[in-house]
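A.B. asks: pasting the sequence and the predicted coordinates here, then a few questions.
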Amino acid sequence: MTERENFAAGAEARRAVPGKALRADEPRREELLLRYLGAVASVSAKQVAAPRPTASGAVPAEPARKASAHAAGAEPPPLLVREVMDVPGASVRGDVPFVDVARHLTREHVGCLPVVDAEHHVLGVVSESDLLAKAAVEASEHRPGALGRLRERRLHDKARGETAETLMTTPAVTVYPGQTVAEAAWLVSLSRLKRLPVTDHDGRLVGVVHRNALLNALIRDDAEIREEIESRIFAEHFPAAAPSAVEVTVRNGVVDLSGHMAEADVPRLLAQIKALDDVTAVIDHLSGA
């Protein structure tokens with residue numbers, strides 16, 4: 001059998017293997033992912049519409065979280081990175097040997113760590129991929145030739161490094177404690193990282209924020225959505241509606257309304273619920289009171 005026939009036979013055999021069965025929680029995970037991507041897309045649109053930084057390069061002011069934001073009818077203030085980040089953030093010094101970097105990664109159960117100097121300024125990020133590239137290059141006899149691809153040559157040059165600083169990836173993608181969770185999620189989606197170093201405005205490490213923490217902060221569960229509808233929207237905007245007259249159920253971000261309500265109020269109610277974060281759809285089963 002020729003090599004081509006071997007490849008074709010192998011491909012056919014792989015297609016014949018039944019796919020992995022979906023786990024019980026897989027639909028829920030997919031729904032959360034879609035809602036997360038929707039939130040990130042919304043933030044991305046706001047980023048495009050937002051005014052550009054000034055030519056002086058001044059750092060934008062951090063959004064304030066004032067008690068007045070909790071006044072009746074006001075939108076709740078956005079969550080900030082400082083509220084969901086891990087403190088202190090694990091890191092390695094730039095002069096740490098690569099073998100010890102591997103031990104740090106294993107001990108912290110993470111795939112990457114910020115690399116810092118003596119004053120805790122973030123220099124870059126060293127990852128399992130950086131260590132694996134070094135190991136692969138050292139184990140391989142292949143060396144790029146004079147006309148080798150630029151990326152391959154850079155990989156071999158980098159693999160000669162012996163410390164975290166010589167192996168790390170730079171520049172590091174970082175976020176400030178005062179930035180919103182949504183902005184951090186936008187950076188994560190663009191960089192495809194699982195963890196972001198959090199720095200002060202002088203570039204010193206103050207913590208680390210995980211992608212899972214951003215996901216959980218961005219996406220409320222169904223009970224929280226229902227609570228906001230009943231305690232804020234109905235209580236503040238439709239006080240005349242009897243609490244027992246309208247039943248609110250939420251499943252995977254889809255709000256189902258049933259019961260009786262003044263017909264003139266229904267369009268306004270639906271519009272306010274649709275505008276809530278994490279609401280993906282509203283089903284109207286209401287009848288006129």
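C.D. replies: Thanks, I have the structure now.

A.B. asks: from here on, contacts and neighbour counts on C-alpha atoms
C.D. replies: OK.

A.B. asks: quick one: mean pLDDT over stretch 199-207.
C.D. replies: The average pLDDT for stretch 199-207 rounds to 92.

A.B. asks: contact partners of that stretch?
C.D. replies: 59, 85-90, 116, 119-122, 174-177, 197-198 (CA atoms under 8 Å, 6 or more residues apart in numbering).

A.B. asks: for it, which positions count as buried?
C.D. replies: Residues of stretch 199-207 classed as buried: 199, 203, 204, 205, 206, 207 (neighbour count, 16 or more other CA atoms under 10 Å).

A.B. asks: still on that earlier bit, are any of the contacts of stretch 199-207 buried, and which?
C.D. replies: By 16+ other CA under 10 Å, the contacts of stretch 199-207 give 85-86, 89-90, 116, 120-122, 174-177, 197-198 as buried.

A.B. asks: and the least confident of the residues you listed?
C.D. replies: residue 89 (83).

A.B. asks: any idea how far that one lies from residue 172?
C.D. replies: 15 Å (CA to CA, to the nearest Å).

A.B. asks: between the buried residues of stretch 199-207, which sits nearest residue 99?
C.D. replies: residue 205 (22.9 Å; CA to CA).

A.B. asks: look up phi and psi at the closest one.
C.D. replies: Main-chain torsions, residue 205, degrees, to the nearest 10: phi -70, psi 130.

A.B. asks: residue 229 versus that one, what's the distance?
C.D. replies: 39 Å.

A.B. asks: what's the answer for residue 128, then?
C.D. replies: Taken as CA to CA, the span from residue 128 to residue 229 is 45 Å.

A.B. asks: okay, and the beta partners of residue 255?
C.D. replies: Going by DSSP bridges, residue 255 is paired in beta bridges with residue 250, residue 282.

A.B. asks: who touches the helix or strand harbouring residue 104?
C.D. replies: Under the criterion of DSSP states H and E, residue 104 resides in helix 98-108. Identification of contacts with helix 98-108 by CA under 8 Å, 6+ apart yields 90, 92, 111, 112, 113, 128, 131, 162, 163, 164, 167.
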